[in-house]
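Chemist: any chance you can model this:
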Amino acid sequence: MPNYVLALDQGTTSSRAILFDREGSIRAAASQEFPQYFPQPGWVEQDAEEIWQSQLSVARKVLAEAGARPQDVAAIGIANQRETVVLWDGRSSRPVYRAIVWQCRRTAPLCERIRQEGFDRTLREKTGLVTDAYFSGTKIAWLLENVPGARARAERGELRCGTIDAWLIWQLTRGQVYATDCSNASRTLLFDLRSQDWDEEILRYFRIPRTLLPGVKSSSEVLGETDWFGDRIPIGGVAGDQQASLFGQQCYGRGAVKNTYGTGCFLLMNTGAEIPTSQSGLLATVGWRRNRQTVYALEGSVFIAGAALQWLRDGLGILPNAAASEEMARAVEDTGGVCFVPAFVGLGAPHWDPYARGTIVGLTRGTNRHHLVRAALEAIAYQTRAVVEAMEEDSGIRPEVLRVDGGAAANNFLCQFQADILGMPVERPATTESTALGAAYLAGLAVGFWKDEAEIAAQLKIDRRFEPTMSRARRDELYAGWQRAVERAKGWATQQS
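Modeler: Predicted coordinates for the structure are as follows:
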C-alpha cells in the first residue's frame, strides 16, 4: 500500500522534490539550483533541459533517501514557476530555444503596442490579467516571430509550447501526454476564465496556432504515468506555485487569504466559484479545478519584499544576514520616523507604477542601521496591507485571518507587525513548504490517498498565531505616513528623465 506522495516543486532558481506521508509531514527533501542566463539587459532565460535534469535528479534523490520504492508512492504532484515558457520539438523532445522566464522584459514593446491598439481591454476582460511582459502570451508570440523557422514549424504541428508544468509532464511521460492545468493556463494571457479554454480571438491576435498549445486539464486528476523511477507512478496533481500554496495553506473557503513572503510577496484570496473583477489593480486567476468545480482567486503581487533585506545586506552592508533582521529591528522602539519604499523595480499591485523608484524618507542625524532594517521589515507589512485592502474593496470580503509562508515568515517581528498593521490575526503553519504540500494534496486527492479537503484540513498544524496588539489609531497613523512616502516614490523615473 502506498505511503507517500511525491511533490516536484520547480522554482525560478532551483528544482526541489519533497516526499510527504499521509499526515502531510515531510519524510525527505532535496533541492538543486540551476543557472540563469541574461543575454541582454532585461532578458532572463533558462535551459529547459537543465530544469528537467535537475528535477529528475532531486526526485530520485528523495526516493533513495527515504528508501521508497515506486510502489510506495501513490502519486506525483507538480508545482511550478508559472509564466515561464518553453518551446520544444515534438519528435525529439528537445528545446528549440531557451526558456523565457517570467521575469524577462523583452516583450515590453509588444505590450505597449497592444495597449496603443486597445486590445489590452479585451485581454483584461477575458483573462483577468493586465497586459504586461510578465505573462506568457507575448513570450510565445516573440518566439514564433524570432526563432528561425518556428512559425512554419508550429503551423505544421511540429512544435510544442507550454509553461514549465507542461514541459515536465511531457518529459515524465516520455512525450505521451501534452497537457497543462487550468491554474497555469490562466497565467498565459491566452485563457478565457469563463469558457475555461484557450480563446480563439486572442490566439488570432497573437498569431498563435491552437495546435501549438497543450490540452487544459483540472488541477487534480490523473494526467498520465511516469516510469522514470522504475515501476509506473501516476501524475495526479498540477498547479502554479502560488495557487498550490493557496491550496497547501488550506484556504478552501471563500475569503480565505494567504501571503507568501519571498523575494516579493504573492497574496491570493479564494473567491470561490465567482470570477473576481478588480477595480483596484489586482488580477483574476484560477485557483484550482477539482471534481469539475473551479475555484477562482484574486491575486496581488508585491515586487520587492525579502529583496529589500538582501539589498541592505549586499548593497549597503548593514545587515549581516536576513535572520539578523529580527534582532536588529527590535533593538529600536520604532523607525524613528523613517519610511522605506522598496520600489527598486517600480510598484506592483495595487499601484502598477513602473516608474516608481526606491525611496527612504524621514532620515535624521539620529537614524542608524537598526532604524533602516526595521523600516524595511515594516515596508513588507505595509505593502501587504495595501493589497489586502484592495482585495476587500474588490470582493466585499474582510478576511478573518492571514496565513503566511515563505522565508521571511520565519521572522517573528515581521509577523507581529503584520498582524498589528492589518488589525488581523496572522497564522504561520508548522509546515512552511506550502507550495509543495499543495501540489502533494492535489495529487493525493486525485488517487484517493486522501479522501477530501476535510481530511486534509484536520492535518493543519499552526506553529504560531500572532494577534494584533496595536490600537487602530496608531496603525492608521503609521499607515498614513507610509502612504505619504509612496506618493513621493511614484513616477520618480519619469520626473528625472
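
Chemist: any idea how far S220 lies from G444?
Modeler: From S220 over to G444 the distance is 9 Å, taken as Cβ to Cβ, to the nearest Å. Every residue, glycine included, has its C-beta placed from N, CA and C.

Chemist: give me the phi and psi for the residue lying farthest from the centre of the chain.
Modeler: Residue farthest from the centre of the chain, counting by Cα atoms, centre = their mean, is R365 at 39.9 Å. Per-residue torsions, R365: phi -70, psi -20 (degrees, to the nearest 10).

Chemist: who are the contact partners of it?
Modeler: By Cβ atoms under 8 Å, 6 or more residues apart in numbering, no residues touch R365.

Chemist: Q459 too?
Modeler: E23, G24.

Chemist: SS state for it?
Modeler: coil (DSSP: H, G, I helix; E, B strand; the rest coil).

Chemist: ends of stretch 328-344, what's the gap?
Modeler: 23 Å (Cα to Cα, to the nearest Å).

Chemist: how far is stretch 307-327 from where the chain is centred?
Modeler: Relative to the centre of its chain, stretch 307-327 is centred 23 Å away, using Cα atoms, centre = their mean, to the nearest Å.

Chemist: quick check: pLDDT value at the residue farthest from the centre of the chain.
Modeler: The model reports R365 with a pLDDT of 95.

Chemist: how near is it to H371?
Modeler: 12 Å.

Chemist: repeat that for V447.
Modeler: 53 Å.

Chemist: these two: which has the busier surroundings?
Modeler: The neighbour count for V447 versus H371, taken as other Cβ atoms under 10 Å, is higher for H371 (25 against 19).

Chemist: now do the contacts for the more buried one.
Modeler: Taking Cβ under 8 Å, 6+ apart, one finds V332, T335, G336, V338 in contact with H371.

Chemist: would you map the helices across the stretch 101-250 of the chain?
Modeler: 108-117, 119-127, 136-146, 150-155, 164-172, 182-185, 200-206, 241-248 (DSSP state H, counting those that start in this stretch).

Chemist: for these, give me a markdown table that also has mean pLDDT and mean neighbour count.
Modeler: As requested, those are exported to a markdown table (pLDDT from 0 to 100; neighbours: other Cβ atoms under 10 Å):
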| stretch | mean pLDDT | mean neighbour count |
| --- | --- | --- |
| helix 108-117 | 92 | 15 |
| helix 119-127 | 95 | 18 |
| helix 136-146 | 96 | 22 |
| helix 150-155 | 95 | 18 |
| helix 164-172 | 97 | 27 |
| helix 182-185 | 97 | 29 |
| helix 200-206 | 97 | 15 |
| helix 241-248 | 94 | 30 |
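
Chemist: for the contacts of H371, name the two members farthest from one another.
Modeler: V332 and V338 (9.9 Å; Cβ to Cβ).

Chemist: geometric centre of this protein: which residue is closest?
Modeler: Short answer for the chain (Cα atoms, centre = their mean): Q242, at 3.8 Å.

Chemist: wait, that one touches R82, no?
Modeler: Yes. When contacts are counted by Cβ atoms under 8 Å, Q242 is listed as touching R82 (7.1 Å).

Chemist: show me the strands in the stretch 251-400 of the chain, by range?
Modeler: In the stretch 251-400 of the chain, the segments counted as strands under DSSP state E, counting those that start in this stretch are 257-261, 265-272, 283-290, 293-302, 339-341, 359-361.

Chemist: figure out which of those strands is closest to G175.
Modeler: Judging the strands of the stretch 251-400 of the chain by Cβ to Cβ, what sits closest to G175 is strand 283-290, at 24.7 Å.

Chemist: paired strands for that closest one, with orientation please.
Modeler: strand 293-302 (antiparallel) (DSSP bridges).

Chemist: kindly export the strand it pairs with (C-alpha atoms) in PDB.
Modeler: What follows is strand 293-302 as a C-alpha-only set of coordinates in PDB (Å, rounded to 0.1, in the frame of the first residue of the first chain):
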ATOM      1  CA  GLN A 293     -15.600  22.600  -9.800                       C
ATOM      2  CA  THR A 294     -13.400  25.600 -10.500                       C
ATOM      3  CA  VAL A 295     -12.200  27.900  -7.600                       C
ATOM      4  CA  TYR A 296     -11.100  31.400  -8.600                       C
ATOM      5  CA  ALA A 297      -8.800  33.800  -6.800                       C
ATOM      6  CA  LEU A 298      -7.800  37.400  -6.600                       C
ATOM      7  CA  GLU A 299      -4.100  38.000  -6.700                       C
ATOM      8  CA  GLY A 300      -1.900  40.900  -5.800                       C
ATOM      9  CA  SER A 301       1.900  40.800  -6.500                       C
ATOM     10  CA  VAL A 302       4.400  42.900  -4.500                       C
END
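
Chemist: buried ones in that strand?
Modeler: Within strand 293-302, the residues that qualify as buried are T294, V295, Y296, A297, L298, E299, G300, S301, V302, counting by 16 or more other Cβ atoms under 10 Å.
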